[in-house]
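Peer 1: Pasted the sequence and its predicted model underneath.
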Amino acid sequence: MKLYVMRHGQASFTASSDKLRELTDQGREESSIMARWLAIKESIFSVTFASPYTRAQQTYDCVIENFTMPVHHYCLEELTPESSPSKCGETLLAYCALHEAENALVVSHLPLVDLLVSDLCKGDVVASFSTSSIACMDIDLENWKGSLLWHRTFNDVLMGAT
């Protein structure tokens, strides 16, 4: 199974709480550009996941505009910034196994996205996720192990990365 992990787009720091921070105009544009690029690689996701925080939900909305709606979508507390990467990984993979997912998309935050990819890939290190970055992993759902296939930033995509 392919698991795509995306960090939310650039967000404003003016909000009454971290949970309520919204995307900036640049964050919306970055997320939309990354989504269009990702749509060339995948046309539909078996299952999608997003953090309940506003900026992750807004990023998810930008992304999913470019895809056929998934049959299964989950908004999970396990995807908030300070969540445990191992508990998050277990939850995500359990849902993916339940739905016999061929591929899945996750939209979340730092530091979780860095730690989650490292945890699932048992040490494959991704350079820190800049806003709207996406990593793709090949996950063996029987053994719950993965390998990093690629990681792309917004700048990589602007420079013509495939």
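Peer 2: On my side now, so go ahead.
Peer 1: Report the mean confidence score over stretch 21-28.
Peer 2: For stretch 21-28, mean pLDDT is 98.
Peer 1: mind listing what's buried in it?
Peer 2: 21-24, 27-28 (16 or more other CB atoms under 10 Å). Where C-beta positions appear, they are placed from N, C-alpha and C, glycine not excepted.
Peer 1: Same check on stretch 36-47?
Peer 2: Those buried within stretch 36-47 under the rule 16+ other CB under 10 Å are 37-38, 42, 45-47.
Peer 1: Closest one to residue 7 out of the residues you listed, please.
Peer 2: Nearest to residue 7 out of those is residue 38 (CB to CB; 13.0 Å).
Peer 1: if I've got this straight, that closest one is in a helix?
Peer 2: Yes. Residue 38 forms part of a helix when assessed by DSSP: H, G, I helix; E, B strand; the rest coil.
Peer 1: and the closest residue to it other than its chain neighbours, bridged to which residues?
Peer 2: Sequence neighbours aside, residue 134 is the residue nearest to residue 38 in space, at 6.2 Å (criterion: CB to CB, 6 or more residues apart in numbering). Under the criterion DSSP bridges, residue 134 forms beta bridges with residue 6, residue 152.
Peer 1: so residue 134 sits right up against residue 8, yeah?
Peer 2: No. At 11.3 Å, residue 134 and residue 8 do not qualify as touching, with contact defined as CB atoms under 8 Å.
Peer 1: quick one: which of those two has more around it?
Peer 2: residue 8 (31 against 26; other CB atoms under 10 Å).
Peer 1: check contacts around that one.
Peer 2: 23, 27, 31, 51, 53, 55-56, 58-59, 107-109, 131-132 (CB atoms under 8 Å, 6 or more residues apart in numbering).
Peer 1: How about residue 57?
Peer 2: Neighbouring residues of residue 57 by CB under 8 Å, 6+ apart: 50-51, 75.
Peer 1: which of those count as buried?
Peer 2: The buried subset of those - by 16+ other CB under 10 Å - is 50-51.
Peer 1: a markdown table for the contacts of residue 57, including distance to residue 162?
Peer 2: Formatted as a markdown table, the contacts of residue 57 follow (distance: CB to CB, whole Å):
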| residue | distance to residue 162 |
| --- | --- |
| 50 | 26 |
| 51 | 28 |
| 75 | 31 |
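Peer 1: Please convert the contacts of residue 57 to TSV, extending it with distance to residue 94, secondary structure and pLDDT.
Peer 2: Output for the contacts of residue 57, formatted as TSV (distance: CB to CB, whole Å; DSSP: H, G, I helix; E, B strand; the rest coil; pLDDT from 0 to 100):
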residue	distance to residue 94	secondary structure	pLDDT
50	17	strand	98
51	18	coil	98
75	16	strand	98
